[in-house]
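S.K.: just to be clear, the model below is a prediction. Sequence and coordinates:
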Amino acid sequence: MFKNQVIWITGASSGIGEALAVAFADEGACLVLSARRQKELERVAARCEAAGAPEKHLLVLPLDVTDASASFAATEKVLERFGHIDLLINNAGISQRSLFKDTELSVYQKLLDVDVMGQIALTKAVLPHMLDRGRGHIAITSSVAGKIGVRLRTGYCAAKHAVIGFFDALRAEVEEDGIMVSTILPGFIRTAIAENALAADGSRYDEPDSDITGGMDPDKAARVIVSGLAKGKREIPVGEGKEMLALWLKRLSPELIFRITRKSK
Ligand SMILES: NC(=O)c1ccc[n+]([C@@H]2O[C@H](COP(=O)([O-])OP(=O)(O)OC[C@H]3O[C@@H](n4cnc5c(N)ncnc54)[C@H](OP(=O)(O)O)[C@@H]3O)[C@@H](O)[C@H]2O)c1
């Protein structure tokens, strides 16, 4: 399904993005790997080669998604190298671990810059080329926290709710032009997301979180996501803990979810 398809993954230097890169390499895709840390991207590219991707199928393209002009320039580089983009996975992201009452306003700005504006800017750069071709697929990694508000993550939940709204609306605008839009809704996946989260003062939280360390294996999660993308699913829930049940409960009984979440960690 993805053989020779050009797939651009942001947040490819670790966690879910890394696992997706390796899974798509195994499928024979051409991969563009983006995040800020070049050395980590090179490590992931080596894993992709080990999974069977020839060097000519791989482009390591460092990018900070908060730099909109860099996103436009990076898009041109991808088009120069591969000619087109079949699938863009807006997966870069950063979380939060702090109560609103303690949190500096600048933390909210950073979360919205990375998790919302960064995703919109890169999509703005890539979409015109897909529209010209009359086909393409754009995915966004939101979260269960994009459907349910939980403690310690006011900014993260705001950002992840925002991208669901944005990409649902975008889908309604472009689906009839041949562009698919998929929203990925991970529950707890075993990555460094908690350590990399922002603390109240904007510093790195730097502590593991038992929900995440006990979460789904990222390679297993990547296989679920790849299968969902192959089927063109509009929403791809992925996870195996009780948080996935919360997605259904939120629809069935929002009141119950509001009571449960006030007791969550
Ligand atoms: N793990 C979970 O339980 C979980 C649950 C729900 C949703 N998610 C979402 O899944 C996505 C991937 O997270 P993860 O769990 O794999 O965590 P992770 O291991 O911390 O990965 C985050 C990725 O985002 C990149 N990134 C952060 N800021 C960036 C920026 N300004 N520009 C470009 N890249 C940036 C990081 O790379 P650099 O540091 O090299 O830039 C890294 O590759 C995120 O959107 C996250 O919100 C995760």
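M.R.: Great, that's in hand. Every value quoted in this text rests on a predicted model; they were computed, and no experiment measured them.

S.K.: drop to CA atoms for contacts and neighbour counts, all remaining ones
M.R.: Noted.

S.K.: just the CA trace of the lengthiest helix in the chain, in PDB.
M.R.: Secondary structure of the chain read by DSSP state H shows that its longest helix is helix 154-174. As requested, the backbone C-alpha atoms of helix 154-174 are provided in PDB (Å, rounded to 0.1, in the frame of the first residue of the first chain):
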ATOM      1  CA  THR A 154      -5.000  22.600  30.500                       C
ATOM      2  CA  GLY A 155      -2.800  23.900  27.700                       C
ATOM      3  CA  TYR A 156      -2.100  20.500  26.200                       C
ATOM      4  CA  CYS A 157      -5.800  19.700  26.200                       C
ATOM      5  CA  ALA A 158      -6.600  23.100  24.700                       C
ATOM      6  CA  ALA A 159      -4.100  22.500  21.900                       C
ATOM      7  CA  LYS A 160      -5.200  18.900  21.200                       C
ATOM      8  CA  HIS A 161      -8.900  19.900  21.100                       C
ATOM      9  CA  ALA A 162      -8.000  22.800  18.800                       C
ATOM     10  CA  VAL A 163      -6.300  20.600  16.200                       C
ATOM     11  CA  ILE A 164      -9.200  18.200  16.100                       C
ATOM     12  CA  GLY A 165     -11.500  21.100  15.300                       C
ATOM     13  CA  PHE A 166      -9.100  22.500  12.800                       C
ATOM     14  CA  PHE A 167      -8.500  19.300  10.900                       C
ATOM     15  CA  ASP A 168     -12.200  18.200  11.000                       C
ATOM     16  CA  ALA A 169     -13.000  21.600   9.400                       C
ATOM     17  CA  LEU A 170     -10.200  21.200   6.900                       C
ATOM     18  CA  ARG A 171     -11.500  17.700   5.900                       C
ATOM     19  CA  ALA A 172     -14.900  19.200   5.200                       C
ATOM     20  CA  GLU A 173     -13.200  21.700   2.900                       C
ATOM     21  CA  VAL A 174     -10.900  19.400   0.900                       C
END
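
S.K.: and the helix or strand just after that helix, what does it pack onto?
M.R.: The first helix or strand that comes after helix 154-174 along the chain, using DSSP states H and E, is strand 179-186. Using 3 or more C-alpha pairs under 8 Å, 6 or more residues apart in numbering; DSSP states H and E as the contact criterion, the elements in contact with strand 179-186 are strand 136-141, helix 154-174, strand 235-238.

S.K.: quick one: contacts of the longest one?
M.R.: Around helix 154-174, the neighbours that count as contacts under C-alpha atoms under 8 Å, 6 or more residues apart in numbering are 94-96, 99-100, 107-108, 111-112, 115-116, 140, 142-143, 145-150, 179-183.

S.K.: so who does Val78 touch?
M.R.: Taking C-alpha under 8 Å, 6+ apart, we find Val78 in contact with Val32, His84, Ile85.

S.K.: no wait, His129
M.R.: Applying C-alpha under 8 Å, 6+ apart, we find His129 in contact with His84, Ile85.

S.K.: A helix includes it, no?
M.R.: Yes - assignment of His129 by DSSP: H, G, I helix; E, B strand; the rest coil places it within a helix.

S.K.: next one: it from the ligand, what distance?
M.R.: Counting by C-alpha to the nearest ligand atom, to the nearest Å, the gap between His129 and the ligand amounts to 21 Å.

S.K.: what about Ala92, how many residues nearby?
M.R.: 25 (other C-alpha atoms under 10 Å).

S.K.: who touches it in this structure?
M.R.: Thr10, Gly11, Ala12, Gly17, Ala35, Val65, Val114, Asp115, Thr141 are the contacts of Ala92 under C-alpha under 8 Å, 6+ apart.
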